[in-house]
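S.K.: Fold the following for me, if possible:
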Amino acid sequence: MALGECNCGAVSYEVDAALTDVFLCHCSICRKSTGSGGIAVALVNRAAFRFLTGEESIVKWTKPNHDWHTYFCKICGSALPGENDATQMYIPVGTLSSGYESLRVAHHLFTNSKAHWEVIGDTGIQHPNGYE
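M.R.: Numbers count the residues shown, from 1 in each chain. You can find the predicted model right below:
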């Protein structure tokens, strides 16, 4: 079981599954979205995920002419979990309050697009063009 919330606490959620693998996306879209080197997320089956509070405070933004989207709190701007595909949710791991003890970076995505100042220094598998 894992719990998480946004910075202001308006949105909270729980995950009824063990979280282990972190996927760190280095693409330019994720860098611009977070203002950092990318975004670190864990993936979980939709059935194991549930919002506890604040769904009315969630905003979805979709990049025009693109399939990319993000979810965030309309009050504090924190990144929030969202739909990864028809069966999975992505969890921005920085929003976890508990259940993150076993997390390890397993995959680096779009390393061909990473910022020139970023150095990848762990054992996560590097995928130049996403997750093949």
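S.K.: mind listing the strands for this structure?
M.R.: 2-5, 12-15, 21-25, 39-45, 49-53, 58-62, 69-73, 82-83, 88-92, 96-98, 104-109, 125-127 (DSSP state E).
S.K.: Nearest to Ser33, out of those strands?
M.R.: Ranking the strands of the chain by proximity to Ser33 (CB to CB) places strand 69-73 first, at 5.4 Å. From N, CA and C alone the C-beta is placed, and that goes for glycine too.
S.K.: Tell me where the protein is predicted with low confidence.
M.R.: Applying pLDDT under 70 to the chain flags residues 132.
S.K.: what do you get if the cut-off is 50, keeping everything else the same?
M.R.: Counting by pLDDT under 50, the chain contains no low-confidence residues.
S.K.: And for Ile125, the neighbour number?
M.R.: Look at Ile125: counted by other CB atoms under 10 Å, it has 12 neighbours.
S.K.: Report the contact partners of it.
M.R.: When contacts are counted by CB atoms under 8 Å, 6 or more residues apart in numbering, Ile125 touches 106-108.
S.K.: Of those residues, keep whichever come out buried.
M.R.: Neighbour counting with 16 or more other CB atoms under 10 Å marks 107-108 as buried within these.
S.K.: With distance to Gly82 as added columns, please give the contacts of Ile125 in CSV.
M.R.: Converted to CSV, these look like this (distance: CB to CB, whole Å):
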residue, distance to Gly82
Ala106, 20
His107, 18
His108, 20
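S.K.: can you redo the strands of the chain as JSON lines with distance to Ala115?
M.R.: Formatted as JSON lines, the strands of the chain follow (distance: least, CB to CB, whole Å):
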{"stretch": "strand 2-5", "distance to Ala115": "26"}
{"stretch": "strand 12-15", "distance to Ala115": "29"}
{"stretch": "strand 21-25", "distance to Ala115": "12"}
{"stretch": "strand 39-45", "distance to Ala115": "13"}
{"stretch": "strand 49-53", "distance to Ala115": "30"}
{"stretch": "strand 58-62", "distance to Ala115": "22"}
{"stretch": "strand 69-73", "distance to Ala115": "18"}
{"stretch": "strand 82-83", "distance to Ala115": "23"}
{"stretch": "strand 88-92", "distance to Ala115": "18"}
{"stretch": "strand 96-98", "distance to Ala115": "24"}
{"stretch": "strand 104-109", "distance to Ala115": "12"}
{"stretch": "strand 125-127", "distance to Ala115": "14"}
